[in-house]
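Visitor: Please find the sequence and the predicted model below.
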Amino acid sequence: MSFDIVVIGAGPAGLCFARSLAGSGLRIALVERQEEAALAAPADDGREIAITHHSQRLLGERGLWARLREEEVGTLRDALVLDGDDRDGLMFRHDEAGKSQLGWLVSNHAIRRAAYEEVMALPEVERITGARVGAVRTAADGVEVSLGGDETLRAQLLVAADSRFSETRRAMGIGADLHDFGKTMLVLRMRHDMPHEQVAWEWFGVGQTLALLPLHDAHTSSVVLTLPPPAMQALLALDDAGLEAALAERFQQRLGAMRVAGPRCAYPLVGVYARRFVAERFALIGDAAVGMHPLTAHGFNFGLLGQAALARELRAAVAAEQPFWSPALLQRYERQHRLATRPLYLATQMLAGLYTDDRRPARVLRKLALGAGARLGPFRRLVMSGLVADHAGVPGPLRRLRYSRPSA
Ligand SMILES: Cc1cc2nc3c(=O)[nH]c(=O)nc-3n(C[C@H](O)[C@H](O)[C@H](O)COP(=O)(O)OP(=O)(O)OC[C@H]3O[C@@H](n4cnc5c(N)ncnc54)[C@H](O)[C@@H]3O)c2cc1C
(Lines give C-alpha, C1' and ligand atoms only; values in the text may rest on other atoms or scores of the structure.)
Protein backbone atom coordinates (compact mmCIF):
# COMPACT_ATOMS: atom_id res chain seq x y z
CA MET A 1 0.00 0.00 0.00
CA SER A 2 1.31 3.49 -0.85
CA PHE A 3 0.89 6.73 1.08
CA ASP A 4 2.63 10.08 1.34
CA ILE A 5 3.49 9.68 5.03
CA VAL A 6 3.57 6.72 7.41
CA VAL A 7 3.19 7.70 11.08
CA ILE A 8 4.02 5.03 13.69
CA GLY A 9 2.15 5.56 16.98
CA ALA A 10 -1.39 6.90 17.45
CA GLY A 11 -0.83 8.42 20.89
CA PRO A 12 -1.63 12.09 21.48
CA ALA A 13 1.34 13.26 19.34
CA GLY A 14 0.71 10.96 16.36
CA LEU A 15 -3.03 11.69 16.33
CA CYS A 16 -2.55 15.46 16.62
CA PHE A 17 0.04 15.36 13.80
CA ALA A 18 -2.39 13.53 11.48
CA ARG A 19 -5.06 16.10 12.40
CA SER A 20 -2.68 19.01 11.75
CA LEU A 21 -2.20 17.80 8.16
CA ALA A 22 -5.95 17.64 7.42
CA GLY A 23 -6.76 19.22 4.07
CA SER A 24 -3.09 19.43 3.00
CA GLY A 25 -3.62 16.83 0.27
CA LEU A 26 -1.23 14.39 1.95
CA ARG A 27 -2.36 10.77 2.40
CA ILE A 28 -1.36 9.31 5.74
CA ALA A 29 -1.10 5.80 7.18
CA LEU A 30 -1.36 5.90 10.99
CA VAL A 31 0.06 2.65 12.37
CA GLU A 32 -0.76 1.69 15.97
CA ARG A 33 -0.09 -1.50 17.93
CA GLN A 34 -3.25 -1.10 20.06
CA GLU A 35 -6.61 -2.25 18.74
CA GLU A 36 -9.12 0.24 17.32
CA ALA A 37 -11.44 -0.16 20.33
CA ALA A 38 -8.65 0.94 22.70
CA LEU A 39 -8.09 4.11 20.61
CA ALA A 40 -11.80 4.91 20.47
CA ALA A 41 -12.27 4.52 24.25
CA PRO A 42 -8.81 4.96 25.81
CA ALA A 43 -8.29 3.51 29.28
CA ASP A 44 -7.97 5.97 32.17
CA ASP A 45 -4.19 6.12 32.75
CA GLY A 46 -4.48 8.49 35.74
CA ARG A 47 -2.50 11.29 34.04
CA GLU A 48 -3.90 14.79 34.28
CA ILE A 49 -2.18 17.00 31.73
CA ALA A 50 -1.49 20.65 32.58
CA ILE A 51 -2.27 22.53 29.39
CA THR A 52 -0.62 25.89 28.67
CA HIS A 53 -2.40 28.79 26.94
CA HIS A 54 -0.46 28.10 23.76
CA SER A 55 -1.45 24.41 23.77
CA GLN A 56 -5.08 25.28 24.49
CA ARG A 57 -5.06 27.43 21.35
CA LEU A 58 -3.52 24.63 19.26
CA LEU A 59 -6.09 22.13 20.56
CA GLY A 60 -8.86 24.63 19.80
CA GLU A 61 -7.67 25.21 16.23
CA ARG A 62 -7.61 21.44 15.63
CA GLY A 63 -11.14 20.90 16.95
CA LEU A 64 -10.07 18.84 19.99
CA TRP A 65 -10.96 21.39 22.64
CA ALA A 66 -14.61 21.50 21.56
CA ARG A 67 -14.78 17.71 21.94
CA LEU A 68 -13.86 17.80 25.64
CA ARG A 69 -16.78 17.59 28.05
CA GLU A 70 -17.19 20.35 30.63
CA GLU A 71 -16.41 17.97 33.51
CA GLU A 72 -13.18 16.86 31.79
CA VAL A 73 -11.57 20.31 32.03
CA GLY A 74 -10.17 21.63 35.32
CA THR A 75 -9.08 25.21 35.93
CA LEU A 76 -5.48 25.80 36.98
CA ARG A 77 -5.90 29.25 38.50
CA ASP A 78 -2.76 29.57 40.65
CA ALA A 79 0.18 27.35 41.60
CA LEU A 80 1.88 26.97 44.96
CA VAL A 81 5.37 25.55 45.51
CA LEU A 82 6.14 24.34 49.04
CA ASP A 83 9.38 23.05 50.51
CA GLY A 84 9.44 20.84 53.61
CA ASP A 85 7.27 22.17 56.41
CA ASP A 86 7.22 25.69 54.98
CA ARG A 87 3.59 26.92 55.38
CA ASP A 88 3.74 29.85 52.93
CA GLY A 89 5.76 28.67 49.94
CA LEU A 90 6.07 30.40 46.60
CA MET A 91 2.75 31.32 44.94
CA PHE A 92 2.41 31.90 41.18
CA ARG A 93 -0.76 33.94 40.70
CA HIS A 94 -2.85 34.25 37.55
CA ASP A 95 -3.41 37.99 38.08
CA GLU A 96 0.33 38.70 38.03
CA ALA A 97 0.30 37.17 34.56
CA GLY A 98 -2.68 39.26 33.46
CA LYS A 99 -4.73 36.12 32.74
CA SER A 100 -7.86 34.69 34.32
CA GLN A 101 -5.98 31.41 34.97
CA LEU A 102 -2.50 29.94 34.57
CA GLY A 103 -3.73 26.98 32.52
CA TRP A 104 -6.09 23.98 32.39
CA LEU A 105 -6.00 20.36 33.53
CA VAL A 106 -7.33 17.67 31.20
CA SER A 107 -7.11 13.89 31.58
CA ASN A 108 -4.75 12.24 29.12
CA HIS A 109 -7.40 9.70 28.10
CA ALA A 110 -9.85 12.54 27.31
CA ILE A 111 -7.24 14.18 25.07
CA ARG A 112 -6.62 10.85 23.33
CA ARG A 113 -10.34 10.27 22.81
CA ALA A 114 -10.90 13.79 21.43
CA ALA A 115 -7.91 13.42 19.08
CA TYR A 116 -9.13 10.03 17.87
CA GLU A 117 -12.62 11.41 17.16
CA GLU A 118 -11.11 14.21 15.04
CA VAL A 119 -8.83 11.84 13.08
CA MET A 120 -11.61 9.29 12.54
CA ALA A 121 -13.48 11.90 10.53
CA LEU A 122 -10.56 12.43 8.09
CA PRO A 123 -10.81 10.51 4.77
CA GLU A 124 -7.10 11.04 4.02
CA VAL A 125 -5.96 9.15 7.15
CA GLU A 126 -5.97 5.35 7.10
CA ARG A 127 -5.72 3.82 10.56
CA ILE A 128 -3.86 0.51 10.70
CA THR A 129 -4.46 -0.77 14.23
CA GLY A 130 -3.43 -3.90 16.09
CA ALA A 131 -0.28 -3.67 13.93
CA ARG A 132 3.12 -5.25 14.50
CA VAL A 133 5.80 -3.13 12.84
CA GLY A 134 8.71 -5.18 11.51
CA ALA A 135 11.61 -3.73 9.51
CA VAL A 136 11.68 -0.05 8.56
CA ARG A 137 13.81 1.26 5.71
CA THR A 138 14.34 4.84 4.58
CA ALA A 139 16.44 5.69 1.52
CA ALA A 140 16.82 8.47 -1.05
CA ASP A 141 13.99 6.97 -3.13
CA GLY A 142 11.42 6.49 -0.34
CA VAL A 143 10.33 4.67 2.79
CA GLU A 144 9.20 1.09 3.46
CA VAL A 145 7.58 -0.20 6.62
CA SER A 146 7.00 -3.93 6.91
CA LEU A 147 3.98 -5.03 8.93
CA GLY A 148 4.86 -8.70 9.04
CA GLY A 149 3.63 -11.26 6.53
CA ASP A 150 3.65 -9.86 3.02
CA GLU A 151 2.28 -6.46 3.94
CA THR A 152 4.57 -3.47 3.28
CA LEU A 153 3.67 0.20 3.47
CA ARG A 154 5.46 2.55 1.06
CA ALA A 155 5.67 6.32 1.46
CA GLN A 156 7.79 9.43 0.93
CA LEU A 157 8.30 10.17 4.64
CA LEU A 158 8.29 8.20 7.91
CA VAL A 159 7.35 9.87 11.21
CA ALA A 160 7.78 8.09 14.55
CA ALA A 161 5.51 8.99 17.47
CA ASP A 162 5.89 5.68 19.28
CA SER A 163 6.68 6.85 22.85
CA ARG A 164 9.83 7.75 24.75
CA PHE A 165 11.07 4.16 24.36
CA SER A 166 10.58 4.40 20.58
CA GLU A 167 11.49 1.18 18.77
CA THR A 168 11.48 3.04 15.46
CA ARG A 169 14.08 5.53 16.74
CA ARG A 170 16.27 2.60 17.70
CA ALA A 171 15.67 0.79 14.38
CA MET A 172 16.76 3.98 12.59
CA GLY A 173 20.02 3.95 14.58
CA ILE A 174 19.26 7.20 16.43
CA GLY A 175 20.56 7.22 19.99
CA ALA A 176 18.99 9.08 22.90
CA ASP A 177 20.22 10.53 26.18
CA LEU A 178 18.19 8.64 28.74
CA HIS A 179 18.12 9.56 32.40
CA ASP A 180 16.53 7.17 34.89
CA PHE A 181 15.72 9.11 38.06
CA GLY A 182 15.37 5.85 40.01
CA LYS A 183 11.98 6.96 41.34
CA THR A 184 8.37 5.92 40.77
CA MET A 185 5.50 8.37 40.33
CA LEU A 186 2.00 7.45 41.49
CA VAL A 187 -0.94 9.35 39.99
CA LEU A 188 -4.32 8.86 41.60
CA ARG A 189 -7.57 10.83 41.54
CA MET A 190 -8.90 11.51 45.06
CA ARG A 191 -11.83 13.26 46.69
CA HIS A 192 -11.00 15.40 49.73
CA ASP A 193 -12.94 17.33 52.40
CA MET A 194 -11.33 20.74 51.86
CA PRO A 195 -11.87 22.46 48.46
CA HIS A 196 -8.80 22.83 46.24
CA GLU A 197 -9.73 26.39 45.20
CA GLN A 198 -8.22 25.68 41.75
CA VAL A 199 -4.69 25.91 43.14
CA ALA A 200 -2.08 23.33 42.09
CA TRP A 201 0.53 22.36 44.68
CA GLU A 202 4.04 21.10 44.21
CA TRP A 203 5.39 20.08 47.58
CA PHE A 204 8.97 18.93 48.08
CA GLY A 205 9.29 16.97 51.32
CA VAL A 206 12.06 14.82 52.72
CA GLY A 207 11.95 11.40 51.00
CA GLN A 208 8.93 12.31 48.87
CA THR A 209 7.59 14.82 46.35
CA LEU A 210 3.87 15.51 46.35
CA ALA A 211 1.69 17.38 43.91
CA LEU A 212 -1.99 18.17 43.86
CA LEU A 213 -3.70 19.03 40.58
CA PRO A 214 -7.17 20.60 40.89
CA LEU A 215 -9.84 18.96 38.73
CA HIS A 216 -13.26 20.22 37.64
CA ASP A 217 -15.01 19.24 40.87
CA ALA A 218 -13.94 21.50 43.77
CA HIS A 219 -13.30 18.50 46.04
CA THR A 220 -11.50 16.24 43.57
CA SER A 221 -7.81 16.42 42.66
CA SER A 222 -5.15 14.31 41.08
CA VAL A 223 -2.60 13.33 43.70
CA VAL A 224 0.93 12.84 42.36
CA LEU A 225 3.44 11.20 44.67
CA THR A 226 7.09 10.42 43.86
CA LEU A 227 8.93 7.86 45.97
CA PRO A 228 11.82 5.42 45.70
CA PRO A 229 10.46 2.15 44.20
CA PRO A 230 10.55 0.04 47.42
CA ALA A 231 8.56 2.66 49.37
CA MET A 232 6.11 2.90 46.47
CA GLN A 233 5.65 -0.87 46.36
CA ALA A 234 4.80 -0.89 50.08
CA LEU A 235 2.26 1.90 49.57
CA LEU A 236 0.64 0.20 46.59
CA ALA A 237 0.25 -3.00 48.61
CA LEU A 238 -2.23 -1.18 50.93
CA ASP A 239 -5.98 -1.51 50.44
CA ASP A 240 -8.00 1.64 49.65
CA ALA A 241 -8.63 2.53 53.33
CA GLY A 242 -4.92 2.14 54.13
CA LEU A 243 -3.88 4.18 51.11
CA GLU A 244 -6.37 6.97 51.93
CA ALA A 245 -5.04 7.23 55.50
CA ALA A 246 -1.41 7.15 54.31
CA LEU A 247 -1.96 9.91 51.75
CA ALA A 248 -3.94 12.14 54.13
CA GLU A 249 -1.00 11.77 56.50
CA ARG A 250 1.53 12.63 53.77
CA PHE A 251 -0.54 15.77 53.04
CA GLN A 252 -0.41 16.55 56.79
CA GLN A 253 -4.25 16.49 56.83
CA ARG A 254 -4.27 19.86 54.98
CA LEU A 255 -7.11 18.58 52.77
CA GLY A 256 -8.96 16.73 55.54
CA ALA A 257 -10.04 13.15 54.84
CA MET A 258 -9.15 11.78 51.38
CA ARG A 259 -10.91 9.03 49.39
CA VAL A 260 -9.73 7.11 46.34
CA ALA A 261 -11.71 8.17 43.22
CA GLY A 262 -9.76 6.65 40.32
CA PRO A 263 -7.31 3.94 39.30
CA ARG A 264 -3.82 3.76 40.86
CA CYS A 265 -1.29 4.32 38.08
CA ALA A 266 2.47 4.17 38.71
CA TYR A 267 5.16 5.29 36.24
CA PRO A 268 8.97 4.91 36.36
CA LEU A 269 10.57 8.36 36.02
CA VAL A 270 12.77 8.44 32.96
CA GLY A 271 13.76 11.50 30.92
CA VAL A 272 14.72 10.98 27.25
CA TYR A 273 16.17 13.35 24.67
CA ALA A 274 16.90 11.98 21.19
CA ARG A 275 20.36 12.80 19.83
CA ARG A 276 18.78 13.73 16.47
CA PHE A 277 15.15 14.37 15.58
CA VAL A 278 15.54 13.67 11.85
CA ALA A 279 17.33 11.40 9.37
CA GLU A 280 16.87 10.71 5.67
CA ARG A 281 13.11 10.88 5.02
CA PHE A 282 12.51 10.43 8.75
CA ALA A 283 11.39 12.54 11.73
CA LEU A 284 10.68 11.97 15.42
CA ILE A 285 7.83 13.74 17.22
CA GLY A 286 6.24 13.63 20.70
CA ASP A 287 7.95 11.70 23.49
CA ALA A 288 9.97 9.79 20.88
CA ALA A 289 11.87 13.07 20.35
CA VAL A 290 11.64 14.62 23.85
CA GLY A 291 10.37 12.63 26.84
CA MET A 292 10.15 15.11 29.70
CA HIS A 293 10.16 14.44 33.46
CA PRO A 294 6.56 15.42 34.49
CA LEU A 295 7.84 17.95 37.09
CA THR A 296 7.46 20.93 34.76
CA ALA A 297 4.37 19.44 33.05
CA HIS A 298 5.62 19.97 29.51
CA GLY A 299 5.79 16.56 27.78
CA PHE A 300 2.51 16.81 25.88
CA ASN A 301 2.84 20.59 25.51
CA PHE A 302 6.17 20.02 23.74
CA GLY A 303 4.70 17.14 21.73
CA LEU A 304 1.94 19.42 20.51
CA LEU A 305 4.39 22.17 19.67
CA GLY A 306 6.72 19.82 17.74
CA GLN A 307 4.04 18.16 15.65
CA ALA A 308 2.63 21.59 14.78
CA ALA A 309 6.09 22.80 13.71
CA LEU A 310 6.66 19.76 11.46
CA ALA A 311 3.15 19.90 10.00
CA ARG A 312 3.61 23.61 9.24
CA GLU A 313 6.80 22.87 7.31
CA LEU A 314 5.15 20.03 5.37
CA ARG A 315 2.11 22.09 4.46
CA ALA A 316 4.27 24.98 3.26
CA ALA A 317 6.29 22.60 1.07
CA VAL A 318 3.16 21.02 -0.44
CA ALA A 319 1.68 24.46 -1.13
CA ALA A 320 4.93 25.51 -2.85
CA GLU A 321 5.04 22.20 -4.79
CA GLN A 322 8.39 21.37 -3.19
CA PRO A 323 9.36 17.91 -1.86
CA PHE A 324 8.00 17.64 1.68
CA TRP A 325 10.70 15.10 2.59
CA SER A 326 13.68 17.35 1.72
CA PRO A 327 16.68 17.28 4.10
CA ALA A 328 16.57 21.10 4.39
CA LEU A 329 12.95 21.02 5.56
CA LEU A 330 13.65 18.28 8.09
CA GLN A 331 16.69 20.16 9.38
CA ARG A 332 14.57 23.27 9.90
CA TYR A 333 12.13 21.25 12.00
CA GLU A 334 15.02 19.78 14.01
CA ARG A 335 16.47 23.24 14.70
CA GLN A 336 13.14 24.76 15.73
CA HIS A 337 12.18 21.91 18.03
CA ARG A 338 15.60 21.68 19.65
CA LEU A 339 15.59 25.42 20.36
CA ALA A 340 12.07 25.19 21.75
CA THR A 341 12.72 22.23 24.05
CA ARG A 342 16.37 21.89 25.01
CA PRO A 343 16.59 24.71 27.62
CA LEU A 344 13.52 23.56 29.57
CA TYR A 345 14.51 19.90 29.22
CA LEU A 346 17.89 20.61 30.84
CA ALA A 347 16.37 22.90 33.49
CA THR A 348 13.78 20.22 34.34
CA GLN A 349 16.47 17.53 34.66
CA MET A 350 18.40 19.81 37.01
CA LEU A 351 15.34 20.74 39.10
CA ALA A 352 14.19 17.11 39.27
CA GLY A 353 17.63 16.14 40.53
CA LEU A 354 17.69 18.95 43.09
CA TYR A 355 14.16 18.37 44.38
CA THR A 356 14.46 14.62 44.76
CA ASP A 357 17.84 14.76 46.47
CA ASP A 358 17.42 14.68 50.25
CA ARG A 359 21.05 15.22 51.16
CA ARG A 360 21.58 18.35 53.22
CA PRO A 361 23.35 20.55 50.61
CA ALA A 362 20.50 20.00 48.14
CA ARG A 363 17.90 20.84 50.81
CA VAL A 364 19.70 24.07 51.66
CA LEU A 365 20.03 24.96 47.98
CA ARG A 366 16.32 24.52 47.27
CA LYS A 367 15.34 26.57 50.31
CA LEU A 368 17.55 29.32 48.92
CA ALA A 369 16.11 28.87 45.43
CA LEU A 370 12.54 29.13 46.67
CA GLY A 371 13.37 32.15 48.85
CA ALA A 372 15.05 33.93 45.97
CA GLY A 373 12.22 32.95 43.64
CA ALA A 374 9.70 34.55 45.96
CA ARG A 375 11.60 37.84 45.91
CA LEU A 376 12.86 38.09 42.35
CA GLY A 377 10.38 39.36 39.77
CA PRO A 378 12.32 38.12 36.70
CA PHE A 379 12.39 34.53 38.04
CA ARG A 380 8.64 34.55 38.62
CA ARG A 381 7.98 36.02 35.19
CA LEU A 382 10.15 33.39 33.51
CA VAL A 383 8.30 30.51 35.18
CA MET A 384 4.90 31.99 34.45
CA SER A 385 5.65 32.86 30.83
CA GLY A 386 6.00 29.12 30.15
CA LEU A 387 2.40 28.59 31.24
CA VAL A 388 0.48 31.63 30.14
CA ALA A 389 2.22 32.98 27.05
CA ASP A 390 0.17 32.51 23.93
CA HIS A 391 3.34 31.25 22.25
CA ALA A 392 5.45 28.46 23.74
CA GLY A 393 6.98 30.68 26.37
CA VAL A 394 10.60 30.98 25.27
CA PRO A 395 11.46 34.66 25.33
CA GLY A 396 13.31 36.94 22.96
CA PRO A 397 15.41 35.85 19.99
CA LEU A 398 14.65 32.14 20.42
CA ARG A 399 10.95 32.78 20.02
CA ARG A 400 11.51 34.85 16.90
CA LEU A 401 13.54 32.03 15.37
CA ARG A 402 10.94 29.43 16.15
CA TYR A 403 7.99 31.41 14.92
CA SER A 404 9.56 32.77 11.79
CA ARG A 405 7.43 30.50 9.57
CA PRO A 406 3.81 31.11 8.61
CA SER A 407 1.13 29.37 10.70
CA ALA A 408 -0.37 26.07 9.66
C1 LIG B 1 2.44 10.84 35.30
C2 LIG B 1 2.58 11.72 34.10
C3 LIG B 1 2.10 13.01 34.12
C4 LIG B 1 2.24 13.85 33.01
N5 LIG B 1 1.79 15.14 33.08
C6 LIG B 1 1.95 15.96 32.04
C7 LIG B 1 1.51 17.33 32.08
O8 LIG B 1 0.98 17.81 33.09
N9 LIG B 1 1.68 18.12 30.99
C10 LIG B 1 2.26 17.65 29.85
O11 LIG B 1 2.41 18.41 28.88
N12 LIG B 1 2.68 16.36 29.76
C13 LIG B 1 2.55 15.51 30.82
N14 LIG B 1 2.97 14.21 30.73
C15 LIG B 1 3.58 13.74 29.48
C16 LIG B 1 2.57 13.27 28.43
O17 LIG B 1 1.69 12.31 29.01
C18 LIG B 1 3.34 12.68 27.26
O19 LIG B 1 4.26 13.65 26.80
C20 LIG B 1 2.43 12.29 26.08
O21 LIG B 1 1.48 11.34 26.46
C22 LIG B 1 3.28 11.70 24.95
O23 LIG B 1 2.48 11.42 23.85
P24 LIG B 1 3.09 10.58 22.64
O25 LIG B 1 1.98 10.44 21.65
O26 LIG B 1 4.37 11.15 22.19
O27 LIG B 1 3.48 9.15 23.26
P28 LIG B 1 2.59 8.04 23.96
O29 LIG B 1 1.47 8.64 24.74
O30 LIG B 1 3.56 7.17 24.68
O31 LIG B 1 1.94 7.24 22.76
C32 LIG B 1 2.71 6.40 21.91
C33 LIG B 1 1.77 5.53 21.07
O34 LIG B 1 2.55 4.73 20.19
C35 LIG B 1 2.11 3.38 20.24
N36 LIG B 1 3.26 2.53 19.91
C37 LIG B 1 4.39 2.37 20.63
N38 LIG B 1 5.24 1.56 19.99
C39 LIG B 1 4.63 1.20 18.83
C40 LIG B 1 5.00 0.37 17.72
N41 LIG B 1 6.18 -0.24 17.68
N42 LIG B 1 4.13 0.21 16.72
C43 LIG B 1 2.93 0.83 16.73
N44 LIG B 1 2.51 1.65 17.74
C45 LIG B 1 3.37 1.82 18.77
C46 LIG B 1 1.59 3.19 21.66
O47 LIG B 1 0.69 2.12 21.75
C48 LIG B 1 0.94 4.56 21.91
O49 LIG B 1 -0.40 4.58 21.46
C50 LIG B 1 2.85 13.37 31.83
C51 LIG B 1 3.34 12.05 31.80
C52 LIG B 1 3.21 11.24 32.92
C53 LIG B 1 3.76 9.83 32.88
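Guide: That came in fine, so what should we check first?

Visitor: residue in the stretch 301-408 of the chain nearest to the ligand?
Guide: Going by CB to the nearest ligand atom, the ligand is nearest to residue 301 of the stretch 301-408 of the chain, at 4.0 Å. The way it works is simple: take the backbone N, C-alpha and C, and place the C-beta from them, glycine included.

Visitor: tell me the SS of that residue?
Guide: Here residue 301 is recorded as helix under DSSP: H, G, I helix; E, B strand; the rest coil.

Visitor: Find the residue closest to it in space, skipping its chain neighbours.
Guide: residue 55 (4.8 Å; CB to CB, 6 or more residues apart in numbering).

Visitor: same thing with residue 34?
Guide: residue 129 (6.5 Å).

Visitor: Need the pLDDT of that neighbour.
Guide: For residue 129, the pLDDT comes out at 97.

Visitor: Isn't the residue nearest to residue 301 up against residue 306?
Guide: No - taking contacts as CB atoms under 8 Å, residue 55 lies outside contact range of residue 306: 11.7 Å.

Visitor: starting at the chain centroid, how far to the top strand by length along the chain?
Guide: Longest strand in the chain, counting residues (DSSP state E): strand 176-192. The chain centre lies 13 Å from the centre of strand 176-192; the measure is CA atoms, centre = their mean, to the nearest Å.

Visitor: any idea what residue 75 is structurally, helix, strand or coil?
Guide: strand.

Visitor: my guess is it meets residue 197, correct?
Guide: No - here residue 75 lies out of contact with residue 197, judged by CB under 8 Å, at a distance of 10.0 Å.

Visitor: Common neighbours of those two, please.
Guide: residue 214 (CB atoms under 8 Å, 6 or more residues apart in numbering).

Visitor: Report the separation between the residue nearest to residue 34 and the ligand.
Guide: 9 Å (CB to the nearest ligand atom, to the nearest Å).

Visitor: which residues does that residue contact?
Guide: 10, 32, 34-36, 39.

Visitor: what packs against the longest strand of the chain?
Guide: For strand 176-192, the packing partners by 3 or more CB pairs under 8 Å, 6 or more residues apart in numbering; DSSP states H and E come out as strand 220-227, helix 229-236, helix 240-250, strand 258-260, strand 265-274, helix 327-355.

Visitor: Return the set of buried residues in it.
Guide: 176, 179, 181, 183-192 (16 or more other CB atoms under 10 Å).

Visitor: and what of stretch 76-87?
Guide: Quick answer for stretch 76-87 (16+ other CB under 10 Å): 76-83.

Visitor: Just the closest of these to residue 122, please.
Guide: residue 76 (30.7 Å; CB to CB).

Visitor: I figured that closest one hits residue 101, correct?
Guide: Yes - counting by CB under 8 Å, residue 76 does reach residue 101; the two are 6.0 Å apart.

Visitor: shared neighbours of those two, anything?
Guide: residue 198.

Visitor: Tell me which residues of the helix or strand encompassing residue 312 come out buried.
Guide: Taking DSSP states H and E as the criterion, residue 312 maps to helix 299-319. By neighbour count on 16+ other CB under 10 Å, the buried set for helix 299-319 is 299-318.

Visitor: Same question for stretch 223-230.
Guide: 223-227.

Visitor: any chance of these in TSV, with pLDDT and distance to the ligand too?
Guide: Listed next are the buried residues of stretch 223-230 as TSV, based on pLDDT from 0 to 100; distance: CB to the nearest ligand atom, whole Å:
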residue	pLDDT	distance to the ligand
223	97	11
224	95	7
225	95	11
226	93	10
227	94	13
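
Visitor: For the ligand, see how far away the residue of the chain positioned farthest from its centre is.
Guide: Distance from the C-alpha centroid of the chain peaks at residue 150, with 35.5 Å (CA atoms, centre = their mean). From residue 150 across to the ligand, the span is 18 Å (CB to the nearest ligand atom).

Visitor: just to revisit the earlier point, for residue 75 and residue 197, indicate the residue with more neighbours.
Guide: Between residue 75 and residue 197, residue 75 has the larger neighbour count (other CB atoms under 10 Å), namely 18 against 9.

Visitor: Can you tell me who the more buried one pairs with across the strands?
Guide: residue 104 (DSSP bridges).

Visitor: Where do the helices of the stretch 51-200 of the chain begin and end?
Guide: 53-61, 108-120, 167-171 (DSSP state H, counting those that start in this stretch).

Visitor: Deepest in the core, which of those helices is it.
Guide: helix 108-120 (a mean of 21; mean count of other CB atoms under 10 Å).

Visitor: quick one, that one and helix 299-319 angle?
Guide: For helix 108-120 against helix 299-319, the angle by axes from the mean of the first three to the mean of the last three CA atoms, to 10 degrees is 20 degrees.

Visitor: In contact with the residue of the stretch 1-150 of the chain at minimum distance from the ligand, which residues are there?
Guide: The nearest approach of the stretch 1-150 of the chain to the ligand comes at residue 11, 2.1 Å away (CB to the nearest ligand atom). Taking CB under 8 Å, 6+ apart, we find residue 11 in contact with 112, 161-163, 286-287.

Visitor: gap between it and residue 33?
Guide: Computed with CB to CB, to the nearest Å, the distance linking residue 11 and residue 33 is 11 Å.

Visitor: Could you list the contact residues of the protein toward the ligand?
Guide: For the chain, the contact set with the ligand under CB under 6 Å from any ligand atom comprises 8-14, 31-34, 47, 49-50, 108, 131, 133, 161-163, 167, 185, 187, 267, 286-287, 294, 297-301, 303.

Visitor: any weak-confidence spans in the protein?
Guide: When residues are selected by pLDDT under 70, those of the chain lie in 85-88, 206, 355-408.

Visitor: if you set the cut-off to 90 instead, what comes out?
Guide: 80-93, 95-99, 148-150, 201-209, 293-298, 347-408 (pLDDT under 90).

Visitor: tally of neighbours for the residue lying closest to residue 167 once chain neighbours are set aside?
Guide: Among residues not flanking residue 167 along the chain, residue 133 sits closest, at 7.2 Å (CB to CB, 6+ apart). Residue 133 has 22 neighbours, counted by other CB under 10 Å.

Visitor: Likewise for the one 4 residues further on?
Guide: Residue 137 is flanked by 15 other residues according to other CB under 10 Å.
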